[in-house]
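Chemist: Sequence below, structure please.
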Amino acid sequence: MNIRLKELRLERGLKLKDVAEKLHVTIRTISRYEDGSREPSVDFIIRFCKLYEVSADYLLGLTDNY
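Modeler: Numbering: from 1, shown residues only. Okay, here's the model as predicted:
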C-alpha cells in the first residue's frame with residue numbers, strides 16, 4: 001500500500017505537506033505511511049480513498065483498477 005500512496009500523491013502533484021493538511025495530520029505521519037514504517041488505520045484508508053478517489057481494494061493491492 002505504501003508504494004501506491006506515494007504514487008497517487010505524486011501523480012496528483014501533491015507534496016507531503018498538502019496531503020497532511022488535507023487529512024489534518026503531520027507531514028511525518030504521511031511520510032511514515034508512504035515509507036511503510038507505519039500502517040494506516042481503517043479510518044485513514046478511507047480518508048486516502050476519498051482524497052485520491054480510488055477504491056480501498058486498489059490501495060490494498062487487491063486490484064490494479066482504481
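Chemist: Contacts made by the helix or strand harbouring Phe44 with the rest, please.
Modeler: Per DSSP states H and E, Phe44 falls inside helix 42-52. Outside helix 42-52, the residues that touch it by Cβ atoms under 8 Å, 6 or more residues apart in numbering are 1, 5, 8-9, 12, 19, 22-23, 33, 40, 54-56, 59-60. Every residue, glycine included, has its C-beta placed from N, CA and C.
Chemist: packing partners for the strand or helix carrying Ser31?
Modeler: Using DSSP H and E, Ser31 falls within helix 27-35. Under the contact definition 3 or more Cβ pairs under 8 Å, 6 or more residues apart in numbering; DSSP states H and E, helix 27-35 sits against helix 2-11, helix 16-23.
Chemist: Name the surrounding residues that touch stretch 2-16.
Modeler: Residues contacting stretch 2-16 (Cβ under 8 Å, 6+ apart): 18-19, 27, 30-31, 33-36, 48, 52, 54, 58-59, 61.
Chemist: mind checking how far that stretch is from the chain centre?
Modeler: 7 Å (Cα atoms, centre = their mean, to the nearest Å).
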